[in-house]
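**Q** kindly generate the corresponding structure for this input.
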Amino acid sequence: RIYETTVNGFSFNTSSKIFSKRHNWRRKKIMNKLVIIISLLILFSNNCFAKEELKFFIGENKIDLEGYFIQGGYVKGKTSSKIKIKFENRDVYLGKKNKFILGFGRDYSEVANLKFNIDNKWINKTLKIKKNKYKIQKIDGLPKKFVSPPKEIYERIIRENKLIAKVRTLNSKIDYTFQDFLLPAKGIITGVFGSQRILNGKPRRPHYGIDIAAKKGSKVISPTDAIVRLSEKDLYFTGGTIMLDHGHGITSVYSHLSKVLVKKNDKIQKGDVIGLIGSTGRSTGPHLDWRINWFDQRLDPLMFIKNK
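**A** Reported below is the predicted structural model:
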């Protein structure tokens, strides 16, 4: 084959096989850079929220809050002493150095109530939560059975949803959630948190995670140290699925995997490979669907990445 290239403004031809290998290597390198750039552009265009700080005193206790006071966001907190805290009537676990975390789901109300117990009296602190803006995402070409499942599949779907919901009730006394989160896969971000989904022309539930498109077999890593709470090779909607427990009610889900490489109750470290990208379950192509919850509150995973 004859190849033409330009170096410093000068064009020349070559038929060298060595050049062909170098050319392919350079092209792959350029494409990898483009993937990273495009992903970053999508990340910042859809996740351009500034982190905020809120400091106040409850009695003699200093309270520090830092994070995203917006739908789909979260805040990390710290108290100067060990006190009881409730958030929307849920007991909040204080970990090492009196740290805690709160989450505001996709459609959270404009007001949140954070309560502190001082001398056996509950004192309320009102937090203002901003409204988020969500996109509309259309996905066509899905098999009909995944858009409108047949009745004989209902029992299976209910059973699998209960497994997932059970993991999301955990309030483990581990502090991995305070580590900086890594992006679990390399690829192009093709789906963002909160977008209203139109599947084969029919409105369906919003997307509660982000989609990272990559080649089948690409590695999926754990964003922090974690404990594996669910490891399934074939759930109806999500196919190969892993759920990780990061502590303080924070759990994460990794779906559509071609291979699941960890088992339930495994203790894993930040950066460990936990699975491989695939297109199992309800999917039109190889990608990772990554989701994060604070109990039943759906959070935007990209806000955890921006927290670095």
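
**Q** any stretches of the stretch 101-250 of the chain with poor pLDDT?
**A** 137-147, 197, 199-200, 202-203 (pLDDT under 70).

**Q** show me the helices in this structure, by range?
**A** 17-46, 144-147, 154-167, 301-305 (DSSP state H).

**Q** quick one: mean pLDDT over the longest one.
**A** Going back to what we said before, that points to helix 17-46. Helix 17-46 carries an average pLDDT of 53.

**Q** all further residue positions should be reported with the first residue as 724.
**A** Renumbered: residue one is now 724, and that last one reads helix 740-769.

**Q** would you agree residue 883 is in contact with residue 958?
**A** Yes. Look at residue 883 against residue 958 with Cβ atoms under 8 Å: they come within range, at 4.9 Å. Any C-beta I mention is one placed from the backbone N, CA and C, and that applies to glycine too.

**Q** neighbour count for the two, which is higher?
**A** Set residue 883 next to residue 958 and count neighbours by other Cβ atoms under 10 Å: residue 958 wins out with 22 against 18.

**Q** tell me the bridge partners for that one.
**A** Counting by DSSP bridges, residue 958 is bridged to residue 962.

**Q** that one and residue 1004 touch, don't they?
**A** Yes. Counting by Cβ under 8 Å, residue 1004 is a contact partner of residue 958 at 6.2 Å.

**Q** give me the common contacts of these two.
**A** Counting by Cβ atoms under 8 Å, 6 or more residues apart in numbering, the shared contacts of residue 958 and residue 1004 are 964, 978.

**Q** which residues does residue 962 contact?
**A** 956, 978-980, 1001-1006.

**Q** from residue 977, how far off is it?
**A** 11 Å (Cβ to Cβ, to the nearest Å).

**Q** same check on residue 945?
**A** 9 Å.

**Q** please apply the same query to residue 873.
**A** 27 Å.

**Q** of these two, who's got more company?
**A** Taking other Cβ under 10 Å, residue 873 and residue 977 do not tie; residue 977 has more neighbours (27 against 8).

**Q** wait, what's in contact with the more buried one?
**A** 907, 943, 964-967, 997-998, 1011-1013.

**Q** make it 6 Å
**A** Under the criterion of Cβ atoms under 6 Å, 6 or more residues apart in numbering, the neighbours of residue 977 are 943, 965.

**Q** and residue 850, by the same measure?
**A** Per Cβ under 6 Å, 6+ apart, neighbours of residue 850: 835, 837.

**Q** and the strands in the stretch 874-1023 of the chain?
**A** For the stretch 874-1023 of the chain, the strands defined by DSSP state E, counting those that start in this stretch cover 911-914, 919-922, 925-927, 932-936, 942-944, 949-958, 962-970, 973-983, 990-991, 996-1000, 1010-1017, 1020-1022.

**Q** so which of those gets nearest residue 899?
**A** strand 962-970 (4.4 Å; Cβ to Cβ).

**Q** just the C-alphas of the closest one, formatted as CSV.
**A** Output in CSV follows, covering the C-alpha atoms of strand 962-970 (Å, rounded to 0.1, in the frame of the first residue of the first chain):
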residue,chain,number,x,y,z
GLY,A,962,-27.7,-8.1,32.6
GLY,A,963,-24.3,-8.6,34.4
THR,A,964,-24.6,-6.5,37.5
ILE,A,965,-22.4,-5.6,40.5
MET,A,966,-23.4,-3.5,43.5
LEU,A,967,-20.7,-2.0,45.7
ASP,A,968,-21.1,-0.6,49.3
HIS,A,969,-19.0,2.4,50.1
GLY,A,970,-20.5,3.1,53.5
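
**Q** so it versus helix 877-890, what angle?
**A** 20 degrees (axes from the mean of the first three to the mean of the last three Cα atoms, to 10 degrees).

**Q** return the distance of strand 962-970 from the chain's centre.
**A** Relative to the centre of its chain, strand 962-970 is centred 11 Å away, using Cα atoms, centre = their mean, to the nearest Å.

**Q** that one versus strand 949-958: what angle between them?
**A** In terms of direction (the same axes, to 10 degrees), strand 962-970 departs from strand 949-958 by 160 degrees.

**Q** how many neighbours does the residue nearest to residue 951 when sequence neighbours are not counted have?
**A** Leaving aside its sequence neighbours, residue 951 sits nearest to residue 989 (Cβ to Cβ, 6 or more residues apart in numbering; 4.3 Å). When counting by other Cβ under 10 Å, one arrives at 16 neighbours for residue 989.

**Q** how many residues are close by the closest residue to residue 892 other than its chain neighbours?
**A** The shortest distance from residue 892 to any non-neighbouring residue, by Cβ to Cβ, 6+ apart, is to residue 1018 (6.9 Å). When counting by other Cβ under 10 Å, one arrives at 17 neighbours for residue 1018.

**Q** ok, residue 1018 to residue 878 distance?
**A** For residue 1018, the distance to residue 878 - Cβ to Cβ - is 26 Å.

**Q** thanks again, I'm all set now.
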